[in-house]
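Participant: got a predicted structure plus its sequence, pasted below:
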Amino acid sequence: MSPRDVSPRHFLTLFDLSPEELSHLLDRALLLKRSWHSGEVRDTLKNRVLAMIFEKSSTRTRVSFEAGMAQLGGSALFLSPRDTQLGRGEPVEDSARVISSMADAVMIRTFGHETAERFASVSARPVINALTDDFHPCQLLADMQTFREHRGSIQGATVAWIGDGNNMCASYVNAARQFDFHLNIACPEGYEPPAAVLKGQQDRVTILRDPASAAQGAHLLVTDVWASMGQEEEQAERARTFAPYQINPDLMAKAAPDALFMHCLPAHRGEEVSEDMLDHPASVVWDEAENRLHAQKALLECLILNDWGPAA
């Protein structure tokens, strides 16, 4: 049976894949990275097309998906609201039916998570959430790949999230369950992840107010900007509220001796991270950024080919 004849599987949150499938995917990503760095040519997605819908701006997401499809022998189409009927009020479901009839997979980067869910509900091809206001699962694949290649399995580790309980934090909550680690979240009162995200995760997640307590003995420290896209008018207030939540060398020193530091980028140096933190010896942010490419190539192969076994 052709992969095109199989009911599509979507990737809207980490819970769309089992822990075993996620582990296979990371192994495949590491293999694809080694293959690419050694100069091997791979055409597993030859003649396949990825439609990329961007309602939010992007650097890493567009470059990684577009380059990833090219490196696997396929191609990618950039679609923005300015250039399509999505920006003129066409129902999401109507666009989904048409676009998915012409492409082999669809990547969507949008505001409301419901938009991605509506698109996937009628799509004939796999739909990938490349960021919504609620979740950013593709970034978590890259983060988990990065930890795995530097320190091995993250199972049983302690991760400290320092800052806003935003879409990245919510995806880390999901990752704590799927990858079996404990997550300390240090955030000001009122900036926790949504209650629905935290529900049932009490055994995996601890909410703290003190960054030092969250970082104590942690194996990974992670943060993100204090004001996400769409929150620019809150920038000044958030800067005051989150000032004690900066990751810097002093906070890093409270973590485990071999702890890593990650940031999904772009970073506001001097705000959520100190000026020197991206170049700190514990920082793996540049590997993390590159791994968006390889983790997503693995995801595209798995979804488009419906192949969840070890990579060949």
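Facilitator: Cool, got the structure.
Participant: for the stretch 51-200 of the chain, which segments are assigned as helices?
Facilitator: In the stretch 51-200 of the chain, helices defined by DSSP state H, counting those that start in this stretch lie at 60-71, 92-102, 113-122, 137-151, 167-179, 195-198, listed in chain order.
Participant: can you name the element that comes right after the shortest one?
Facilitator: Helices and strands here follow DSSP states H and E; after helix 195-198, the next one along the chain is strand 205-208.
Participant: who touches that following strand?
Facilitator: For strand 205-208, contacts defined as C-beta atoms under 8 Å, 6 or more residues apart in numbering pick out 173, 176, 182-187, 192, 198, 214. No exception for glycine: its C-beta is placed from N, CA and C like everyone else's.
Participant: pLDDT (mean, whole number) over the helix or strand just after it?
Facilitator: Sequence order places helix 211-215 as the next helix or strand after strand 205-208, per DSSP H and E. Mean pLDDT, helix 211-215: 98.
Participant: one step back: and the helices of the stretch 51-200 of the chain as a markdown table, adding mean pLDDT, distance to His24 and mean neighbour count?
Facilitator: Shown next, in a markdown table, are those (pLDDT from 0 to 100; distance: least, C-beta to C-beta, whole Å; neighbours: other C-beta atoms under 10 Å):
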| stretch | mean pLDDT | distance to His24 | mean neighbour count |
| --- | --- | --- | --- |
| helix 60-71 | 98 | 18 | 20 |
| helix 92-102 | 96 | 25 | 17 |
| helix 113-122 | 97 | 22 | 19 |
| helix 137-151 | 98 | 12 | 23 |
| helix 167-179 | 98 | 13 | 23 |
| helix 195-198 | 98 | 25 | 14 |
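Participant: dump those to a markdown table, plus distance to Thr158.
Facilitator: Putting the helices of the stretch 51-200 of the chain into a markdown table (distance: least, C-beta to C-beta, whole Å) gives the following:
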| stretch | distance to Thr158 |
| --- | --- |
| helix 60-71 | 27 |
| helix 92-102 | 39 |
| helix 113-122 | 28 |
| helix 137-151 | 12 |
| helix 167-179 | 10 |
| helix 195-198 | 17 |
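Participant: so Lys46 makes contact with Gly73?
Facilitator: Yes - with contact defined as C-beta atoms under 8 Å, Lys46 counts as touching Gly73 (3.8 Å).
Participant: looking at those two, which is more packed in?
Facilitator: Taking neighbours as other C-beta atoms under 10 Å, Lys46 and Gly73 compare with Gly73 leading, 14 against 10.
Participant: do you know how far that one is from Glu301?
Facilitator: 11 Å (C-beta to C-beta, to the nearest Å).
Participant: now for the two: what residues contact both?
Facilitator: 44-45.
Participant: can you give me the strands for the stretch 201-312 of the chain?
Facilitator: Ranges of strands within the stretch 201-312 of the chain are 205-208, 220-223, 260-263, based on DSSP state E, counting those that start in this stretch.
Participant: quick check: neighbours of the first one in the sheet, parallel or antiparallel?
Facilitator: Read that as strand 205-208. Strand 205-208 has its sheet partners listed here by DSSP bridges as strand 182-186 (parallel).
Participant: ok, back up a step: let's have the strands of the stretch 201-312 of the chain in TSV, adding mean neighbour count and mean pLDDT.
Facilitator: Below are the strands of the stretch 201-312 of the chain laid out as TSV (neighbours: other C-beta atoms under 10 Å; pLDDT from 0 to 100):
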stretch	mean neighbour count	mean pLDDT
strand 205-208	18	98
strand 220-223	26	98
strand 260-263	25	99
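Participant: how about these, which one is nearest Asn166?
Facilitator: strand 220-223 (10.3 Å; C-beta to C-beta).
Participant: could you list the residues in contact with the closest one?
Facilitator: By C-beta under 8 Å, 6+ apart, strand 220-223 touches 143, 147, 154, 157-163, 168, 172, 215, 245, 247, 251-252, 255, 259-263, 272-273, 282.
Participant: just stretch 274-285 next, same as before
Facilitator: 146, 150, 221, 246-249, 252, 255, 259-263, 265, 267, 269.
Participant: got the domain boundaries for the protein?
Facilitator: In terms of domains, the chain is parsed into 10-136+290-305, 139-288 (source: the TED database).
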